[in-house]
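K.L.:
Could you work out the structure for the sequence below:
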Amino acid sequence: MTRKLDALLAAVGVLFGAASLAWPFGWDTSVHYYVGREWLLRGAIPYRDTFDHKTPGIHLVHALCIAVFGEGMWPIRLVELGSVVVLGWACAGIARDRDSRRSPGLTGATILAASVAYYGFYDYWNTAQCELLATTCAALMVLAAMRTRGVVRSAVAVGLLVGVALLLKPPFVLFALVAVPLLWARARGTGGLGRPLVALVLSAAAIPGVVLAYFAAHGALHDLVEIVGYANAAYLENEKRLSSVGEVIDNAAVVWRGYSPVAGLLFVASGASVVVAFVRRSRRRLARWAVAAGMLAVGYAIIVLQLKFYYYHWITVLSAGTLMTASVLVDVSDALASSRRAWAPAIGSILVLAAFALTGQQAAGWLRTTVAAVRWLAGDWDRARFASTFRTWDGVRRYEDLEATGTWIRDRSSKDDELLVRGVAAEIYVVSGLHAPGRFFWTAFLTRPSRRFHRAQWLAEDAAVIDTARPRWVVTWTETTEGPESASYFLPRGYVERTRIGGYSVLERGAGDAPAARR
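P.N.:
Modelled structure (predicted):
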């Protein structure tokens with residue numbers, strides 16, 4: 001009964017997110033994919049040959065996806081679906097007491113809850129970011145600290161996960177503030193913290209050390225440090241999205257309303273569980289809730305430290321929310337007779353789905369994109385109609401135009417042609433399959449006032465590449481009328497406008513013109 005219930009609830013969770021396998025990419029994900037693709041297929045080293053300010057972990061994930069599954073937008077979605085399953089499994093493992101009787105259906109119900117919390121509230125643009133993989137690492141970090149046999153082995157596992165989190169998104173190493181005290185508590189009764197601490201530090205440095213050595217060996221370490229370190233510091237300082245405590249509180253309130261009534265149900269149930277634990281003076285339960293509270297506090301601190309409060313940053317607290325859900329289910333199960341313990345995860349799952357159905361806009365968005373994926377995969381809709389379902393973050397640049405532009409270029413190009421997309425429309429590279437001649441395949445760091453790090457030097461580098469490589473295609477945003485993101489920058493260089501699709505102008509190198517290196 002236990003395995004069947006777990007399998008059933010987990011299957012519902014997987015089906016809830018399965019439509020994401022058909023989702024296209026947003027801009028951020030397209031940038032990560034492009035860097036990973038060029039790294040794997042053309043040997044273009046990140047930072048030296050392709051520009052992005054994210055740490056190399058996400059690029060490596062995309063490169064591995066392409067190596068295993070080939071090019072496409074679905075492999076990273078498959079990895080994310082697997083990550084949701086792992087997140088639910090890990091949080092169930094943290095919540096379940098080692099010496100207590102197994103709670104039937106707990107793992108499946110927690111996986112389902114994680115899936116609803118992720119796919120129900122984050123659309124195609126906000127998913128396939130760094131956050132889900134990193135918050136899953138955080139849950140695994142805590143699980144390893146609590147459950148891995150042998151304190152030294154536990155320390156090694158925690159350290160390796162800290163290293164992975166550092167490569168995916170550096171602020172996530174702060175989850176070690178939850179894992180390390182748990183490790184220390186175990187080490188006190190087994191000979192002290194000395195050996196585990198050494199094991200932790202060495203293993204945490206191992207994977208980042210190998211990566212840094214790789215970049216150093218390829219002459220790209222300076223570029224990595226300059227972009228990920230100094231350029232990001234300037235970006236963080238000059239492009240603060242919220243500037244006051246009041247704005248931060250308002251942002252949290254907006255997110256809370258978006259998650260209601262699911263968040264309300266979770267926090268009321270959690271509060272009741274904590275009160276019961278206090279009344280009964282259950283150290284075991286209180287310790288588990290202290291871990292959940294620690295993860296929630298660290299997760300929110302990571303969001304605040306980034307100073308942006310982008311919606312997808314809230315995925316950071318998904319591990320804490322999933323653990324809270326699992327903890328409630330464990331407490332309710334413990335209060336029931338053995339013959340009725342399967343009721344808790346089953347009824348809990350029904351309540352989560354019912355609460356999600358009452359979210360209104362969120363539920364409608366999930367249903368719209370899920371139906372679109374099913375209709376397209378069934379052949380009822382063509383690709384253009386499917387693409388029109390997805391809305392970009394600003395509501396101005398339509399995804400259907402991005403895909404149509406990439407398709408138009410792909411249908412008129414050979415594999416050796418090069419493409420330069422100006423602005424923030426890296427999706428066109430993914431759809432067309434083409435690549436840019438230089439490292440600035442997107443241009444925010446060349447044009448936005450808040451990102452002025454090495455502005456003159458990088459503009460000169462970009463102009464030199466354009467004039468030397470002479471890419472066949474250039475795409476600009478029609479509303480941009482001047483500077484290196486505009487059509488007016490390229491028309492005097494011998495480019496001719498061939499078509500306009502939505503807000504995008506497609507320019508082609510003039511007939512008889514060729515790159516300087518090929519003349």
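
K.L.:
Tell me how many other residues surround the residue lying closest to Asp97 once chain neighbours are set aside.
P.N.:
Computed as C-beta to C-beta, 6 or more residues apart in numbering, the closest residue to Asp97 that is not its neighbour in sequence is Arg284, at 6.2 Å. No exception for glycine: its C-beta is placed from N, CA and C like everyone else's. Neighbour count of Arg284, defined by other C-beta atoms under 10 Å: 11.

K.L.:
Assign the most centrally placed residue in the chain to helix, strand or coil.
P.N.:
When C-alpha atoms, centre = their mean is applied to the chain, the residue found nearest the centroid is Gln129 (2.1 Å). Of the three states, Gln129 takes coil according to DSSP: H, G, I helix; E, B strand; the rest coil.

K.L.:
what's the answer for Leu286, then?
P.N.:
Leu286 is classified as helix under three-state DSSP.

K.L.:
for the stretch 51-200 of the chain, what spans make up the helices?
P.N.:
With DSSP state H, counting those that start in this stretch as the criterion, the stretch 51-200 of the chain has helices at 57-69, 74-95, 106-119, 131-147, 151-168, 176-187, 194-217.

K.L.:
quick one: which of those helices is nearest Pro261?
P.N.:
Nearest to Pro261 among the helices of the stretch 51-200 of the chain is helix 106-119 (12.6 Å), distances taken as C-beta to C-beta.

K.L.:
Can you list the low-confidence ranges for the stretch 1-150 of the chain?
P.N.:
Counting by pLDDT under 70, the ranges of the stretch 1-150 of the chain that qualify are 1-2, 98-102.

K.L.:
correction: the chain
P.N.:
By pLDDT under 70, the weakly predicted segments of the chain are 1-2, 98-102, 191, 240-241, 339, 512-519.

K.L.:
Now with 50, please.
P.N.:
99, 517-519 (pLDDT under 50).

K.L.:
for the nearest residue to Leu193 once chain neighbours are set aside, what are its contacts?
P.N.:
The shortest distance from Leu193 to any residue other than its chain neighbours is 4.6 Å, reached at Ala187 (C-beta to C-beta, 6+ apart). Residues counted as contacts of Ala187 (C-beta atoms under 8 Å, 6 or more residues apart in numbering) are Val151, Ala155, Leu193, Pro196.

K.L.:
now Ile303
P.N.:
Phe309, His313, Trp314, Thr316, Val317.

K.L.:
closest to His435 among those?
P.N.:
For those, the nearest to His435 is His313 (29.5 Å; C-beta to C-beta).

K.L.:
number of nearby residues for Val255?
P.N.:
Neighbours of Val255 using other C-beta under 10 Å come to 18.

K.L.:
still on that earlier bit, test my guess that the residue nearest to Asp97 contacts Ala290.
P.N.:
No. Arg284 lies out of contact with Ala290 (C-beta atoms under 8 Å); the separation is 10.9 Å.

K.L.:
Against Trp376, how distant is the residue nearest to the centre of the chain?
P.N.:
As judged by C-beta to C-beta, to the nearest Å, Gln129 and Trp376 stand 23 Å apart.

K.L.:
Next: Gly93.
P.N.:
Gly93 is 37 Å from Trp376, by C-beta to C-beta.

K.L.:
which one of those two has more residues nearby?
P.N.:
Neighbour count, other C-beta under 10 Å: between Gly93 and Trp376, Gly93 has more, with 21 against 18.

K.L.:
which ones are touching the closest residue to the more buried one other than its chain neighbours?
P.N.:
Spatial nearest neighbour of Gly93, chain neighbours left out: Leu143 (5.1 Å); criterion: C-beta to C-beta, 6+ apart. Contact analysis of Leu143 by C-beta under 8 Å, 6+ apart lists Ala90, Gly93, Ile94.

K.L.:
So which of these is the closest to Ser327?
P.N.:
Looking across these and measuring by C-beta to C-beta, the closest to Ser327 is Ile94, at 8.4 Å.

K.L.:
Would you quantify the distance from that closest one to Thr325?
P.N.:
11 Å.

K.L.:
Compare neighbour counts for the two and give me the winner.
P.N.:
Thr325 (32 against 26).

K.L.:
The more buried one: which element?
P.N.:
Element membership for Thr325, per DSSP states H and E: helix 318-335.

K.L.:
Could you list the buried residues of the helix or strand following that helix?
P.N.:
Counting by DSSP H and E, the next helix or strand C-terminal to helix 318-335 is helix 343-357. Neighbour counts using 16 or more other C-beta atoms under 10 Å place Ala344, Pro345, Ala346, Gly348, Ser349, Val352, Leu353, Ala355, Phe356 of helix 343-357 among the buried residues.

K.L.:
What separation is there between Leu81 and Tyr47?
P.N.:
30 Å.

K.L.:
Can you tell me how far Phe16 is from Leu353?
P.N.:
Look at Phe16 and Leu353: by C-beta to C-beta, they are 8 Å apart.

K.L.:
Can you pull the residues that touch both of these two?
P.N.:
The contact sets of Phe16 and Leu353 overlap at Leu112, Val116 (C-beta under 8 Å, 6+ apart).

K.L.:
In contact with Arg153, which residues are there?
P.N.:
Counting by C-beta under 8 Å, 6+ apart, Arg153 has no contacts.

K.L.:
let me redo that: Thr110
P.N.:
By C-beta under 8 Å, 6+ apart, the neighbours of Thr110 are Gly88, Trp89, Cys91, Ala92, Ala95, Thr322, Thr325, Ala326, Leu329.

K.L.:
Could you rerun that using 6 Å?
P.N.:
Gly88, Cys91, Ala92, Ala326 (C-beta atoms under 6 Å, 6 or more residues apart in numbering).

K.L.:
One more: Pro437?
P.N.:
Pro437 sits in contact with Glu418, Val465, Ala469, Pro471, where contact means C-beta under 6 Å, 6+ apart.

K.L.:
Make sure it is indeed in a helix.
P.N.:
No. Checked against three-state DSSP, Pro437 lies outside a helix; its state is coil.

K.L.:
That one - nearest residue in space that isn't next to it in sequence?
P.N.:
Ala469 is the one closest to Pro437 (C-beta to C-beta, 6+ apart), at 3.4 Å.

K.L.:
Near that neighbour, how many other residues are there?
P.N.:
17.

K.L.:
Quick check: it vs Asp462, distance?
P.N.:
For Ala469, the distance to Asp462 - C-beta to C-beta - is 11 Å.

K.L.:
Glu508 against Glu497, yeah?
P.N.:
No. Look at Glu508 against Glu497 with C-beta atoms under 6 Å: they stay out of range, at 8.1 Å.

K.L.:
Looking at those two, which is more packed in?
P.N.:
Glu508 (20 against 15).

K.L.:
ok, now how distant is the residue nearest to Pro437 from Ala460?
P.N.:
Counting by C-beta to C-beta, the gap from Ala469 to Ala460 is 15 Å.

K.L.:
so what's the residue lying closest to Val332 once chain neighbours are set aside up against?
P.N.:
The shortest distance from Val332 to any residue other than its chain neighbours is 4.3 Å, reached at Ala344 (C-beta to C-beta, 6+ apart). By C-beta under 6 Å, 6+ apart, the contact set of Ala344 is Leu329, Val332, Ser333.
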